[in-house]
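>>> Below are the sequence and a predicted model for it; my questions follow.
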Amino acid sequence: MKGMRLRDFPSFVRATDPNDIMLNYLHRESQRTSKGSHVILNTYDALKIDVLQAMNSFLPPIHTIGPLRLLVREMDDGRLDSLESNLWKEDPECIKWLDSKEPNLVVLVNFGSITVMSTEQMIDFAWGGEQQAPFHVLGHFYVAEFLTHRGWNSIIDAICAGVPLICWPFFAEQQTNCWYCCNGWDIGMEIDNNVKRDKVESLVRELMEGDKGKEMKRNAEEWKKKATEATRYGGSSFVNFERLVNEVILQK
């Protein structure tokens, strides 16, 4: 991936301790993946075609069936309506608050379920945003941008909603996800690990009001369109899902 810095690679790749827990865990999982019969990914072809082509050269058959959140909408089965992927119980009360706001004036801040930050970092994020949630919140008409840790669930939800991103990667593959958002897909801006409120405010303003922010919003809408096309009948993810069911599940 041309243009990537060392810091853009996943944290476990940069580990210097051969006994690192995450390094060894990922090594074991990689070996198990290569021995499997099929690989299922929650993404779509247009988003990472170069990576998928490289993976196809050494892994079992890969089935890209995402974004799953959009694919489910194409399934005429009410039993799927209750499927969720959150570690914590959702609170829908914020939707009422969002309904009271003007369009494109809300910044959604979400650092995932296990991110750790200092008190000073939390304060700077809060003040920086002041000067200026799950998918049904992220996809709300009034949400203009998303400040996030760049976990894959957050990325795929933002793409489904057509919302640009302010990225603060924490660990694991989040640094690589951030690089793609800011350089590969041009839908995000990165916050340095040394969080300062003036920097947060500057990025929020640029994404809300600046020319760069408007361009990223257009790009985000385009990736949303491609995701929707992939999951509709006849789209790449829809076809891959049908093939997965027919060739793998129903053959057992």
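Perfect, thanks for sending it.
>>> these two touch, right, E229 and F238?
No. Taking contacts as C-beta atoms under 8 Å, E229 lies outside contact range of F238: 9.5 Å. Where you see a C-beta, it was placed from the backbone N, CA and C, and this is true even at glycine.
>>> When these two are compared, which one has more neighbours?
F238 (20 against 16; other C-beta atoms under 10 Å).
>>> Who are the packing partners of the helix or strand hosting the more buried one?
Using DSSP states H and E, F238 sits in helix 236-244. Secondary-structure packing of helix 236-244 (3 or more C-beta pairs under 8 Å, 6 or more residues apart in numbering; DSSP states H and E): strand 62-64, helix 68-71, helix 211-231.
>>> how far does the last one sit from the chain's center?
Looking back up the chat, that one is helix 211-231. Here helix 211-231 is found 13 Å from its chain centre; the criterion is C-alpha atoms, centre = their mean, to the nearest Å.
>>> In contact with M75, which residues are there?
By C-beta atoms under 8 Å, 6 or more residues apart in numbering, no residues touch M75.
>>> separation between it and R69?
Note on M75: its distance to R69, by C-beta to C-beta, to the nearest Å, is 12 Å.
>>> Tell me the residues that contact both of the two, please.
With C-beta under 8 Å, 6+ apart as the test, M75 and R69 reach no residue in common.
>>> low-confidence ranges in the stretch 151-252 of the chain?
252 (pLDDT under 70).
>>> ok, now with 90
151-155, 157, 161, 163, 165-174, 191-209, 247-252 (pLDDT under 90).
>>> And the residue nearest the centre of the chain?
The residue lying closest to the centre of the chain (C-alpha atoms, centre = their mean) is I155, at 1.3 Å.
>>> so where does the closest residue to that one other than its chain neighbours fall, helix or strand?
The shortest distance from I155 to any non-neighbouring residue, by C-beta to C-beta, 6 or more residues apart in numbering, is to N177 (5.5 Å). Assessed by DSSP H and E, N177 sits inside helix 174-179.
>>> any idea how the chain splits into domains?
Domain ranges of the chain: 29-83+230-249, 93-229, per automatic domain parsing.
>>> Tabulate the ones you listed (TSV), appending distance to I21.
Below are the domains of the chain laid out as TSV (distance: least, C-beta to C-beta, whole Å):
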stretch	distance to I21
domain 29-83+230-249	12
domain 93-229	12
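>>> quick one: the strands in the chain?
Counting by DSSP state E, one finds strands in the chain at the ranges 39-41, 62-64, 106-110, 143-148, 165-167, 188-190.
>>> can you pull the contacts of the closest residue to K199 other than its chain neighbours?
In space, and not counting its chain neighbours, K199 is closest to I191: 6.4 Å by C-beta to C-beta, 6+ apart. With contact set as C-beta under 8 Å, 6+ apart, I191 has these partners: 147, 166-168, 199-200, 203.
>>> will you turn these into a markdown table that also has distance to C182 and neighbour count?
Output for those, formatted as a markdown table (distance: C-beta to C-beta, whole Å; neighbours: other C-beta atoms under 10 Å):
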| residue | distance to C182 | neighbour count |
| --- | --- | --- |
| L147 | 14 | 22 |
| I166 | 10 | 26 |
| C167 | 6 | 25 |
| W168 | 12 | 23 |
| K199 | 15 | 14 |
| V200 | 16 | 26 |
| L203 | 11 | 24 |
